[in-house]
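Peer 1: Fold the following and give me the result.
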Amino acid sequence: MNDRKQGRRCAQTAEETKQLILMTAGRMFCEQGYEKVSLRNISEAAGVSHSLIRHHFGSKETIWYTVSDILSSYMQTYIRGLIGEFPEDKPANIILYHFTMKLMAHMLVNPQPLQFIADAIRQEGKFFDYFMDTSGDFEQIIQDSVEQHNKQNPGHQVDLWEIKWQVIYNSHAAISLKPLLNIVWEKENCSGDDALLKHWKLFNKKMINDLNIKPQDYIEPSNLKDLLLPIACDFSNPESCRDELHKFS
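Peer 2: Have a look, this model is predicted:
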C-alpha cells in the first residue's frame with residue numbers, strides 16, 4: 001500500500017512539474033519570443049533543473065509544440081463556446097457583432113494565445129506552418145453568417161477575412177503597445193484594464209457601423225471580463241487553466 005501511495009505521489013509530482021515547465025515556457029515564449037528563450041532560461045524561471053526539463057520534454061522545440069497544442073485546443077474550445085451562444089432568433093449581423101466583440105474582449109484580457117501566434121508568424125518557417133494548419137470547421141459557420149448578413153444588408157457588405165484581420169491587428173496593437181495605450185487616456189486617469197476597455201470601445205464603434213447595428217443591440221460593458229465565457233483561462237495563472245494543461249501533461 002505504501003509503495004502504491006508513493007507511486008501516486010511521484011506521478012502527481014511529475015505531472016505538476018511538467019505543468020510548471022509548460023506554464024513558465026509558454027509565458028516566456030509569449031513575452032520574449034521563441035528565439036530569445038533557452039532551456040536554461042526556462043529552468044531558472046521555473047526553478048527546476050535543466051536535466052529535468054530535458055527528461056520530460058527533450059528539447060525547447062518539443063516544449064513549443066506542446067504549448068502550441070494547448071493554446072490551439074483551448075482557443076478551439078473557446079470559439080466553440082462562443083458559437084454555441086449564437087441566439088437562433090437573431091439576424092446575422094447581431095450574431096457577427098456579438099461573436100467579433102466578445103472574441104476581441106477575450107484577446108485583450110487574455111493575450112497569451114495571440115502573443116504566441118504573433119511570434120509564430122515572425123518565425124516564417126515550420127512554426128508558422130504548424131500553427132496555421134487548421135481544419136477551418138468554425139470558419140464555415142462564421143462564413144455562413146457573413147453571407148446571410150451581406151444578403152440582408154446590401155449597403156453594409158463585409159468580408160470574413162477582413163473582419164478577422166481587423167480583430168487581430170486591433171487586439172495585438174493594444175497588447176504590444178500597452179504603455180502607449182495608457183498614455184493615450186492618461187488625462188482620464190485610465191490605465192490597465194480601463195485603457196483596454198477604451199480601446200475595445202473604439203473598435204466597437206467601427207463594428208456597429210460596419211454591421212449596421214441598431215442602438216438597442218449595442219454591447220456596452222463596464223468591464224471587458226463581463227464579456228468572457230465562464231470557461232475563459234488566464235494563462236498567467238496555473239490554477240485558471242489546469243484542466244487545459246492536464247490534457248497534455
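Peer 1: Does the residue nearest to Met101 when sequence neighbours are not counted belong to a helix, a strand or coil?
Peer 2: Here the nearest residue to Met101 in space, its sequence neighbours aside, is Ile219; by C-beta to C-beta, 6 or more residues apart in numbering that works out to 5.4 Å. Placement of C-beta: from N, CA and C, glycine included. Following DSSP: H, G, I helix; E, B strand; the rest coil, Ile219 is assigned to coil.
Peer 1: What are the buried residues along the helix or strand hosting Ile117?
Peer 2: Assigned by DSSP states H and E, Ile117 belongs to helix 112-123. Neighbour-count burial for helix 112-123, with 16 or more other C-beta atoms under 10 Å as criterion, is recorded at Gln112, Pro113, Leu114, Gln115, Phe116, Ile117, Ala118, Asp119, Ala120, Gln123.
Peer 1: angle of whatever helix or strand Ile63 lives in against helix 112-123?
Peer 2: Secondary structure assignment for Ile63, by DSSP H and E: helix 60-84. Interaxial angle of helix 60-84 relative to helix 112-123 (axes from the mean of the first three to the mean of the last three C-alpha atoms, to 10 degrees): 130 degrees.
Peer 1: need the helices for the protein, in chain order.
Peer 2: Assigned helices in the chain, in chain order: 2-32, 39-46, 50-57, 60-84, 92-109, 112-123, 126-132, 137-152, 160-176, 178-184, 193-210, 242-246 (criterion: DSSP state H).
Peer 1: Now do the same contact list for the residue nearest the centre of the chain.
Peer 2: Most central in the chain under C-alpha atoms, centre = their mean is Pro113, positioned 3.6 Å from the mean C-alpha point. Pro113 makes contacts with Leu71, Tyr74, Met75, Met107, Phe235, as judged by C-beta atoms under 8 Å, 6 or more residues apart in numbering.
Peer 1: Please repeat the previous calculation with a cut-off of 7 Å.
Peer 2: For Pro113, the contact set (C-beta atoms under 7 Å, 6 or more residues apart in numbering) comprises Leu71, Met75.
Peer 1: Gly26 now?
Peer 2: Contacts of Gly26 (C-beta under 7 Å, 6+ apart): Val67, Gln112, Phe235.
Peer 1: ok, now which ones touch Ala174?
Peer 2: Contacts of Ala174 (C-beta under 7 Å, 6+ apart): Leu108, Leu181, Leu196, His199.
Peer 1: if I look at the first one, how far off is Ile21?
Peer 2: In this structure, Leu108 lies at 27 Å from Ile21, with C-beta to C-beta, to the nearest Å as the measure.
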